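Asks: just the structure for this:
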Amino acid sequence: MASRTRRPGAAAPGAPGGSRRRRLPMRLLLPVLVLVALMAMLMLRGYVHSEILADHRIQPEAATDKVPEKILDGGPVIDTRSGRATSLRVPDRRLVLTFDDGPDPTWTPKVLDVLEKHHAHAVFFVTGTMASRYPDLVKRMVDEGHEIGLHTFNHPDLSFQSKKRIDWELSQNQLALAGAAGVRTSLFRPPYSSFADAMDDRSWPVTEYIGTRGYITVVNNTDSEDWQKPGVRQIIRNATPKNGKGAIVLMHDSGGDRHQTVQALDRFLPEMRDKGYEFDNLTEALDAPTAHTAVTGPELWKGKAWIFLVQASEHITDVLVVGLSIIGSLVIGRFVLMLLLSGVHARRVRRKDFRWGEPVTQPVSVLVPAYNEAKCIENTVRSLMASEHPVEVLVIDDGSSDGTARIVEAMGLPNVRVVRQLNAGKPAALNRGLANARHDIIVMMDGDTVFEPSTVRELVQPFGDPRVGAVAGNAKVGNRDSLIGAWQHIEYVMGFNLDRRMYDVLRCMPTIPGAVGAFRRSALERVGGMSDDTLAEDTDITMAMHRDGWRVVYAEKARAWTEAPESVQQLWSQRYRWSYGTMQAIWKHRKALVERGPSGRFGRVGLPLVSLFMVVAPLLAPLIDVFLLYGVVFGPTEKTIVAWLGVLMIQLVCAAYAFRLDRERMTHLISLPLQQILYRQLMYVVLLQSWITALTGGRLRWQKLRRTGVVEAPGGPVPRQRTRSESDERRPVG
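Replies: Coordinates of the predicted model:
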């Protein structure tokens, strides 16, 4: 047999002195990459919307000592490319219309339509942010014979900026122009610029540096002041040069409502034509070579890639905003429903005259499926022996290797039987227990759970109503002293038990918890018993009950104390199984959506609610935190924090109400804010992993959690009932 070889010097995995490179698991890597990609897209959008890296400072007027007189007294076209400063004026009877700050999706098309209508050309000084967002408008400008000039990327006052930042503003603007229209331009207009005689000692060095980068600076000598919205007549008067002189006219096609600009332009063009004026772009007016240069090769593809990424960020952000709206509606809608309907449920079942029917007093069978529960099983069984209701207990040992069955047998308790089978899974164990049970009401619980003395009695009373086929008990976290335990405690009380009250009123409860549930034996047999088609057999059987026409109700006083996972890894494994199993159950019972009768009612009420509240909402919930982080870092910080605190306050009100209904201490709610930030991310990753598993057709095995056996019912441990010698009880198990 051929042997595998290792690279020289490589240590074998686990060998002394060797190290195994730990790789990030795919279940972590993929969600992290998704979150990083979303944040990157948000930051890109913030950049092109001038929310990130934007500088809105404006320099005050300064002295003009260093500005050459010929520039101050010269024309609006300034050329410093050769190292010498020259200026040019537009010839008489020539008008160069210039539009700043665009393109704008509303007003630029209207401006272009008017220019096309009157066969006029103009120069559009575009910002990189707007050109990146609306590349089709830039391409239309070029295609229709207009000239493009740079107006920086983020519109900062360049006199504040370093040369490196100036180069960045220019190159990014050119990149956007190349991607949008496939050209470069040599025209530049500084933001916040005015006439040539307004050049000062702060702006002139920038103009000189711009020239060394190959650009002609274009200011203006006729300002329409359309940005002030003075009225159409006034805009026309402001834009009209005196004595037939040529002019570069400043207008705006972006930055606000420009309907006056459009109306004025429609009147201004024919009026000035009648006076003998021509409307050209700048190089046409100066009889100079075009300012545009075609871009090819890698630069063109870089530009196209940039436009693609910006457009993707816009679309993805739009989707995220829709998702945020959906999750906001779901969260608020769910909370409103839970508050209203859980109150209705509590008032109904707590009335003094409320009865399910005739009291249920007959013995019941309690099924305890157990797989390697040696640390917990004794507490579980002894809690059942203290029951106020007559029970027989069947512990179904599902091929345990830790002596679980021998521990129960060694206890020698009356009405406790052990049924052994080869490891076949929890559904098979429950079906085996059902086949061996003697009574007509079946209680099911987990091997790590303990009941209070009144639990079984309270759990079976709803069977006094012959329409009831199954009952959900009140599962509570027993090991809530750790932070992760406290988070799950909040989740159980607020999420699960308020949900069950709501679903009870709506008659579409999706899950009988495996930790504490009861079934009418005839109902179980009619739906074929427990199924192993899904990993959430409790959800599967509950949905089957609804479709068969049985009522499923919630018994709030039937409390069971279960051992919740005590580490992130264990919690992950549990919730992964729950999430994936719930998806499987929804898919299995999807035909209920189109069926009639009880099945159709559940399908059209229960399945959508379960899908929205248990799958879609948790999957989208991290969007709240993504936008929170973005808003806090890049603004508006105060509004973002207030909005998040508002959502948190709603959750806190719901949690406090749930704790009050369950008569729980409020102290654990101190950790609620941290739970909302961290716990939600974990649930997101779990759900995303479940989706990936479902979409790829992967299989997930049942995963056993490690138990500690620390959970006891309130009031302390159940007294030991010693029927054998202490030495027998302490004999080794294996």
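Asks: can you list the low-confidence ranges for the chain?
Replies: For the chain, the stretches flagged by pLDDT under 70 are 1-28, 31, 635, 693-734.
Asks: where along the stretch 201-350 of the chain do the strands fall?
Replies: Assignment of strands within the stretch 201-350 of the chain using DSSP state E, counting those that start in this stretch yields the ranges 216-218, 222-223, 247-252, 278-279, 292-294.
Asks: out of these, which is closest to residue 515?
Replies: Residue 515 lies closest, by Cβ to Cβ, to one member of the strands of the stretch 201-350 of the chain: strand 247-252, at 66.9 Å. From N, CA and C alone the C-beta is placed, and that goes for glycine too.
Asks: now the closest one, how far from the chain's geometric center?
Replies: Remark: strand 247-252 is offset 46 Å from the chain centroid, using Cα atoms, centre = their mean, to the nearest Å.
Asks: which residues does it contact?
Replies: Contact partners of strand 247-252, identified using Cβ atoms under 8 Å, 6 or more residues apart in numbering, comprise 76-77, 90, 95-102, 218-224, 226-227, 239, 241, 258, 261, 265, 282.
Asks: give the pairing partners of that strand; include direction for each.
Replies: For strand 247-252, the paired strands and their directions (DSSP bridges) are strand 94-100 (parallel), strand 222-223 (parallel).
Asks: for it, list the C-alpha coordinates in CSV.
Replies: The C-alpha coordinates for strand 247-252 follow below in CSV (Å, rounded to 0.1, in the frame of the first residue of the first chain):
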residue,chain,number,x,y,z
ALA,A,247,-19.3,85.4,-21.8
ILE,A,248,-19.0,82.2,-19.8
VAL,A,249,-22.3,81.9,-18.0
LEU,A,250,-22.6,80.1,-14.7
MET,A,251,-25.8,78.0,-14.2
HIS,A,252,-26.6,74.9,-12.2
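Asks: from the chain's centroid, how far away is the host helix or strand of residue 410?
Replies: Under the criterion of DSSP states H and E, residue 410 resides in helix 404-411. Averaging C-alpha positions (Cα atoms, centre = their mean) puts helix 404-411 48 Å from its chain's average.
Asks: in terms of secondary structure, what does it contact?
Replies: Counting contacts by 3 or more Cβ pairs under 8 Å, 6 or more residues apart in numbering; DSSP states H and E, helix 404-411 packs against strand 364-370, helix 377-385, strand 391-398, strand 416-421, helix 726-729.
Asks: now the second one, how far from the chain's geometric center?
Replies: Centroid displacement of helix 377-385 relative to its chain, using Cα atoms, centre = their mean, is 43 Å.
Asks: and the angle for it with strand 416-421?
Replies: 130 degrees (axes from the mean of the first three to the mean of the last three Cα atoms, to 10 degrees).
Asks: convert the C-alpha atoms of stretch 139-158 to CSV, please.
Replies: Only the C-alpha atoms of stretch 139-158 are listed here, as CSV (Å, rounded to 0.1, in the frame of the first residue of the first chain):
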residue,chain,number,x,y,z
LYS,A,139,-22.8,59.7,-21.8
ARG,A,140,-25.8,61.6,-23.2
MET,A,141,-23.9,64.9,-22.7
VAL,A,142,-21.0,63.6,-24.7
ASP,A,143,-23.2,62.0,-27.4
GLU,A,144,-25.1,65.2,-27.9
GLY,A,145,-21.9,67.3,-28.4
HIS,A,146,-21.6,68.9,-25.1
GLU,A,147,-18.3,69.2,-23.3
ILE,A,148,-17.5,67.8,-19.9
GLY,A,149,-15.3,69.5,-17.3
LEU,A,150,-14.1,68.2,-13.9
HIS,A,151,-15.6,69.7,-10.7
THR,A,152,-13.7,67.4,-8.3
PHE,A,153,-15.1,64.2,-6.9
ASN,A,154,-16.6,65.3,-3.5
HIS,A,155,-16.8,69.1,-4.1
PRO,A,156,-14.3,70.2,-1.4
ASP,A,157,-12.7,73.6,-1.2
LEU,A,158,-9.3,72.7,-2.7
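Asks: nearest residue to residue 155 in space, please, no chain neighbours.
Replies: Excluding its sequence neighbours, the residue lying closest to residue 155 (Cβ to Cβ, 6 or more residues apart in numbering) is residue 191, at 4.7 Å.
Asks: quick check: phi and psi on residue 519?
Replies: Residue 519 adopts backbone torsions of phi -140, psi 150, taken as degrees, to the nearest 10.
Asks: tell me what it is bridged to.
Replies: Going by DSSP bridges, residue 519 is paired in beta bridges with residue 442, residue 470.
Asks: how many other residues sit next to it?
Replies: 29 (other Cβ atoms under 10 Å).
Asks: pretty sure it contacts residue 440?
Replies: No - if you go by Cβ atoms under 8 Å, residue 519 and residue 440 don't touch, sitting 10.0 Å apart.
Asks: tell me, what residue is most central in the chain?
Replies: residue 623 (2.5 Å; Cα atoms, centre = their mean).
Asks: any idea how far residue 100 is from it?
Replies: Here residue 623 is placed at a distance of 36 Å from residue 100 (Cβ to Cβ, to the nearest Å).
Asks: against residue 622, how distant is the nearest residue to the residue nearest to the centre of the chain once chain neighbours are set aside?
Replies: Using Cβ to Cβ, 6+ apart and skipping residues adjacent in sequence, the residue nearest residue 623 is residue 324, 4.8 Å away. Residue 324 sits at a distance of 10 Å from residue 622 (criterion: Cβ to Cβ).
Asks: over to residue 500?
Replies: Separation of residue 500 from residue 622 (Cβ to Cβ): 25 Å.
Asks: repeat that for residue 674.
Replies: Distance, residue 674 to residue 622, by Cβ to Cβ: 15 Å.
Asks: of the contacts of strand 247-252, just the buried ones, ChimeraX syntax please.
Replies: Selecting only the buried entries of these in ChimeraX, with 16 or more other Cβ atoms under 10 Å as the criterion:
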select :76,77,90,95,96,97,98,99,100,101,102,218,219,220,221,222,223,224,226,227,239,241,258,261,265,282
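Asks: tally of neighbours for the closest residue to residue 267 other than its chain neighbours?
Replies: Distances taken as Cβ to Cβ, 6+ apart place residue 236 nearest to residue 267, at 6.3 Å, with adjacent residues excluded. Using other Cβ under 10 Å, residue 236 has 17 neighbouring residues.
Asks: again with the one 4 residues further on
Replies: Counted with other Cβ under 10 Å, residues neighbouring residue 240 total 17.
Asks: against which helices or strands is the lengthiest helix in the chain packed?
Replies: As assigned by DSSP state H, the longest helix anywhere in the chain is helix 297-349. Secondary-structure packing of helix 297-349 (3+ Cβ pairs under 8 Å, 6+ apart): helix 26-48, helix 128-133, helix 163-181, helix 498-506, strand 551-562, helix 617-620, helix 622-634, helix 637-661.
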